[in-house]
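A.B. asks: need a 3D model of the following:
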Amino acid sequence: MRYSRLKRKNRRRYTSVLLLGLLLFLAVYIGSASAAGNFISRIVTSFLGSFANTNQGEDDASVRVPDTQLTVPDKADETPDESPNESSSQKVTEQLDIAPFNLYAIQLGAFTSKENAEVAARELQAKGGAGYILNDKYFRLLAMGYASETDAQKVKQQLEKEGIESQIYSIAVPGVNMEITASADKVSNVKSAFSLWIEKTRALEDIVKRLDTSAISVEDAKKGIEATIGAFNSTLEQLKAYSATQESNHILAGLQELYQKGIESLNGIFAGNVVNRVATSSKIKYTYIDMVYRYKQYIDTITGE
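C.D. replies: Next up is the predicted model:
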């Protein structure tokens, strides 16, 4: 009898230990499975995000055009005691849709050494090319940019006939949908600032084409660029006035800086009274690429790219 009781007690103790061990095992397993599930989920999510970004880059038509908002305050917002004209201070909200676009640049080399790229750039500029160096993992040497890929392909084919190897490097500027809230005149002026920049920057391509084909003189090219500088200066003054009431707004501050740098670049084309057609053409080509690239960087800050 005593032996039988001891045996039962041992069996119960063994069963209890076994159950306790099983429960601990299940707890550890469930916890581990949950952690593993989260880990795998993060990997899958990362992979899908990467895959989506790859597809997005391959198809311009599917590029996401982000939304952003811009509010430009009036002085009346800060000084409520004043009684401004209601028609000019009443706020409206309008949509500004900026379409994406590409600049197709002729690339004549990609260097790992900045010094080698600079030597090649000076040689190219002496021949009338832009000699623009874009640092994108490599120091890419760009000769000219075209709004039309067809035009860029024609130039590439012509260079091949002359025994010059080249590539087409695309500078892709994303689009953006912007919601602007301000008085009607300010909304109109901000919209005009964006459209004027795009219009006048792209006009540089036409100027340099006509200059290279002797359709216009260096003096004619200078007059066209001086007119652009005048229009940019007027717009810059408006932007400065708007930024004075909203210094922290990165959209206005960035647009103001874009115009300031653009004016400096355009003024630099004729610095030193350049009258040589080849030298002038080189500087306009350089400025054209630089202004498009600066605009891309600005839009990237808005879209969060």
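
A.B. asks: going forward, measure contacts and count neighbours with C-alpha atoms only.
C.D. replies: Will do.

A.B. asks: how many other residues sit next to Ala215?
C.D. replies: Number of residues near Ala215 (other CA atoms under 10 Å) recorded here: 11.

A.B. asks: for it, give me phi and psi.
C.D. replies: Ala215 adopts backbone torsions of phi -70, psi -20, taken as degrees, to the nearest 10.

A.B. asks: and if you look at Gln238?
C.D. replies: Dihedral pair for Gln238: phi -60, psi -40, per degrees, to the nearest 10.

A.B. asks: identify the residues contacting it.
C.D. replies: Shown in contact with Gln238 (CA atoms under 8 Å, 6 or more residues apart in numbering): Asn189.

A.B. asks: try 10 Å
C.D. replies: Going by CA atoms under 10 Å, 6 or more residues apart in numbering, Gln238 touches Lys186, Asn189, Val190, Ala193, Gln256.

A.B. asks: and what of Leu103?
C.D. replies: Residues near Leu103 by CA under 10 Å, 6+ apart: 144-149, 152, 168-173, 202, 288-289, 292-293.

A.B. asks: cool, Gly262 as well?
C.D. replies: For Gly262, the contact set (CA under 10 Å, 6+ apart) comprises 197, 201, 228-229, 232-233, 256, 268, 287-288, 290-292, 294-295.

A.B. asks: same check on Thr201?
C.D. replies: Thr201 is in contact with Ser195, Thr228, Gly262, Thr287, Tyr288, Ile289, Asp290, Met291, Val292, Tyr295, counting by CA under 10 Å, 6+ apart.

A.B. asks: and Ala244, how close does it get to Glu237?
C.D. replies: Shown here: Ala244 relative to Glu237, a distance of 11 Å by CA to CA, to the nearest Å.

A.B. asks: mind pulling the model confidence for Gln69?
C.D. replies: Gln69 carries a pLDDT value of 73.

A.B. asks: list phi and psi for the closest residue to it other than its chain neighbours.
C.D. replies: Using CA to CA, 6 or more residues apart in numbering and skipping the chain neighbours, the partner closest in space to Gln69 is Glu179 (4.6 Å). Backbone torsions for Glu179, taken as degrees, to the nearest 10, come to phi -100, psi 120.

A.B. asks: and Asn177, by the same measure?
C.D. replies: For Asn177, the backbone dihedrals are phi -100, psi 120 (criterion: degrees, to the nearest 10).

A.B. asks: related to what we said a few turns ago, what is the neighbour count of the residue nearest to Gln69?
C.D. replies: Look at Glu179: counted by other CA under 10 Å, it has 16 neighbours.

A.B. asks: which residues touch it?
C.D. replies: Going by CA under 10 Å, 6+ apart, Glu179 touches Asp67, Thr68, Gln69, Leu70, Thr71, Thr93, Glu94, Gln95, Leu96, Asp97, Val187.

A.B. asks: cool, Phe194 as well?
C.D. replies: Phe194 is in contact with Leu96, Ile98, Thr235, Leu255, counting by CA under 10 Å, 6+ apart.

A.B. asks: among the residues you listed, which are located in strands?
C.D. replies: Secondary structure from DSSP state E places Leu96, Ile98 of these in strands.

A.B. asks: most neighbours out of the contacts of Phe194, which is it?
C.D. replies: Highest neighbour count within the contacts of Phe194, by other CA under 10 Å: Leu255, with 22 neighbours.

A.B. asks: how close does it sit to Ser192?
C.D. replies: From Leu255 across to Ser192, the span is 12 Å (CA to CA).

A.B. asks: the closest residue to Ala279 other than its chain neighbours in helix, strand or coil?
C.D. replies: Excluding its sequence neighbours, the residue lying closest to Ala279 (CA to CA, 6+ apart) is Gly128, at 6.1 Å. State at Gly128, reduced to three classes by DSSP: H, G, I helix; E, B strand; the rest coil: coil.

A.B. asks: Gly128 - how many residues pack around it?
C.D. replies: 22.
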